[in-house]
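Asks: Next come a sequence and a model predicted from it.
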2 protein chains.
Amino acid sequence: MNRRFVILTEGQTNPIQAKTASCVIRYCPEEVVALFDGEHAGKTSRELLGVGDVPIIGRLADAPEARTLLIGIANPGGLIPDSWRAIIIEAIERGLDVVSGMHVFLAEDPDLAALARKHQVRLIDVRNNRLQRIARGEGLRDECLRIHTVGHDCSVGKMVASVELTNALKARGYDAKFAATGQTGIVVEGDGYPIDCMVADFISGATEQLVLDHQHHEILVVEGQGSLFHPSYSGVTLGLLHGCQPHGMILCYEVGRSSPLGLEHITLPPLSTVRRMYEIAAAIRGPCPVIGIAMNSRMLTDQEAERERKEMSRLFGLPVCDVFRHGAEPLVQAVLALKAARDAKRNSS
Amino acid sequence: MNRRFVILTEGQTNPIQAKTASCVIRYCPEEVVALFDGEHAGKTSRELLGVGDVPIIGRLADAPEARTLLIGIANPGGLIPDSWRAIIIEAIERGLDVVSGMHVFLAEDPDLAALARKHQVRLIDVRNNRLQRIARGEGLRDECLRIHTVGHDCSVGKMVASVELTNALKARGYDAKFAATGQTGIVVEGDGYPIDCMVADFISGATEQLVLDHQHHEILVVEGQGSLFHPSYSGVTLGLLHGCQPHGMILCYEVGRSSPLGLEHITLPPLSTVRRMYEIAAAIRGPCPVIGIAMNSRMLTDQEAERERKEMSRLFGLPVCDVFRHGAEPLVQAVLALKAARDAKRNSS
């Protein structure tokens, strides 16, 4: 199924705010028809987001082949800008489905819901999944290797590292699966649970269900959310970590990020502290080391990035890479080493 | 306002399952008319729950002065037993409001909602508070001392320690407030936020709002939830800890508890590890020591409890007490010492 997306990023077509747009263009390029941002009509996604060759349009009429309007931003509060309402209404009237990952649900807006019924289109709220399930810590398949991406902050590239690692494992012939836990990942992968919008008591239970759903695969790469060091979202992070019971973690960080996103009065601790905290927190379910580091070096030159990579690798004694610059191969090697060790242990016991 | 509760605990009138009932009998005795449990009609709450002299009835007709039916249990999944439905329906037909702290909301049941409208009674779902607010970490009043109760597990007495500490501080003339974060605490206190049923992204934000609402008091005692060591609920615990930004913590534990509630295959770490983990986790918002220990010694004799208390106090170098056996005075002293130190520092700067 090709969803033929027009991705709405009106007034916010930049790499930080239009994270959903960037990722869908990167990982589902064949499904993207256009970006919608009136101010930049005529340009391409590469000029504004650094990815893909998607045309930017300012009128829905310019993308007659579109089937779906995708809300292309991921803002903290999860609210859709008021000014976008007219565009959403026009999309519905043109017979487009609308996909949104916001906390406020389109389908719960009586006017939009009535209009959608009239035009027989679907309002798909990716985050509207209120699975009410307590984690039981049972039934997890030991043969399925669970890898979890964690970060020193939000928006440092955990999703991208997860997808790139999964794709690289697949390319090597392994039966790997990207287990999506956020709205963008769910749009990219086509399934998953929006862990950050579960009712708090069910964060771990929903994550556990995600693992149970997909543990017939050889390797599950469970996308992390937030950070133990971001005080606005740390609960999501810890519930997710305990719910998926990983065997190994990939630590993701952005070079130069010194404060949690949006909280400049707080200083992030050194990465060695971050690593230790995740390992202590994970250990209540069993030993779970950080096995590799995914660095986001978008602010660096190639030369600076290479220096950072070598320095971090020396400091931590772990494989380090920027999945965009270097590919995910160092992380693949770390995962396969952990898998071989676990397989050997299981076969000998 | 006297809510004149009949508390429904049918078939579950024991101290573990009927936690809500026990606490409301303990802290709002003048508002409780009767307990409802057909099997034990004629007995009293003291015989089954060890608290109060509330008669147990098996028919609503036996409590004609009642105004409110309170669901008196706090089970993990938050589901109301099917067999209770007939009792709830009869209560509505008799003109009683119904108060519930379950995750499944009475008011969202179309039949109950219609019946309630017909009989002009209210269905009050204490947990139905979906405040959508991101924590900002701003605006917290330095003069308001924030104390937070944390535990090595769920259901070890965090709420009770919080209420007893608050009441003891009030008795000494301090302007203290119990900041309720769970359904039972909210029924007892009459306000608060049900943190464990917030949408995950808003756990810390709702907690911060709770502090902002009440920080005109001198001392806020913020009720803890769950445990960093209970993998089903740890996300709630961490989000709450980071949201309320405490100045000091009271560590609550039950003597003899060796596994997280309902997860017998997991072993809880030693209390020294628990203390360290909470202090590390809290530290991302600033220094926050454990200043006292509230032990739940319900399984011990007086002599055993005294031995435990002395041993723990020696090991940790902290005041230790069981608030029921010894009163909360040792915790009061710890809080006042922290307050004096902070006040002195603020006045000298």
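Replies: Received it, and whenever you're ready, just let me know what you need. Not measured: the values here are computed from a predicted model.
Asks: and residue A:280, what element?
Replies: Per DSSP states H and E, residue A:280 falls inside helix A:271-282.
Asks: what's that helix in contact with?
Replies: Applying Cβ atoms under 8 Å, 6 or more residues apart in numbering or on different chains, the contact partners of helix A:271-282 are A:150, A:152, A:228-229, A:238, A:241-242, A:246, A:249, A:251, A:253, A:268-269, A:288-290, A:293, A:312, A:315-316, B:228, B:277, B:280-281. In short, each C-beta sits where N, CA and C put it, glycine included.
Asks: So which of the residues you listed belong to strands?
Replies: A:150, A:249, A:251, A:253, A:290, A:293 (DSSP state E).
Asks: Neighbour-wise, give me the winner out of these.
Replies: The most crowded member of the ones in strands among the contacts of helix A:271-282 is residue A:150, carrying 29 neighbours; neighbours defined as other Cβ atoms under 10 Å in any protein chain shown.
Asks: That one and residue B:238, how far apart?
Replies: Shown here: residue A:150 relative to residue B:238, a distance of 14 Å by Cβ to Cβ, to the nearest Å.
Asks: three-state assignment of residue A:83?
Replies: Following DSSP: H, G, I helix; E, B strand; the rest coil, the label given to residue A:83 is helix.
Asks: what about the helices in chain A?
Replies: A:19-27, A:45-49, A:85-93, A:110-118, A:158-171, A:183-189, A:203-214, A:234-244, A:271-282, A:302-316, A:323-326, A:329-348 (DSSP state H).
Asks: most tightly surrounded among those helices?
Replies: Highest mean neighbour count of these: helix A:234-244, a mean of 30 (counted as mean count of other Cβ atoms under 10 Å in any protein chain shown).
Asks: and the angle from that helix to helix B:271-282?
Replies: Relative orientation of helix A:234-244 with respect to helix B:271-282: 130 degrees, computed using axes from the mean of the first three to the mean of the last three Cα atoms, to 10 degrees.
Asks: For helix A:234-244, name the packing helices and strands.
Replies: Packing contacts for helix A:234-244, counted by 3 or more Cβ pairs under 8 Å, 6 or more residues apart in numbering or on different chains; DSSP states H and E, involve strand A:145-151, helix A:203-214, strand A:219-222, helix A:271-282, helix B:203-214, helix B:234-244.
Asks: Can you check which of those gets nearest to residue B:65?
Replies: Closest of these to residue B:65 is helix B:203-214, at 32.8 Å (criterion: Cβ to Cβ).
Asks: Report the set of residues contacting both of residue A:150 and residue B:238.
Replies: Taking Cβ under 8 Å, 6+ apart as the contact rule, residue A:150 and residue B:238 both touch A:228, A:237.
Asks: ok so, going back, closest to chain B out of the ones in strands among the contacts of helix A:271-282?
Replies: Checking the ones in strands among the contacts of helix A:271-282 against chain B by Cβ to the nearest Cβ gives residue A:150 as the nearest, at 13.6 Å.
Asks: From chain B, how far out is the closest residue to that closest one other than its chain neighbours?
Replies: Closest residue in space to residue A:150, ignoring its immediate chain neighbours: residue A:224 at 4.7 Å, by Cβ to Cβ, 6 or more residues apart in numbering or on different chains. Look at residue A:224 and chain B: by Cβ to the nearest Cβ, to the nearest Å, they are 13 Å apart.
Asks: again, but for residue A:203
Replies: On the measure of Cβ to the nearest Cβ, residue A:203 and chain B end up 4 Å apart.
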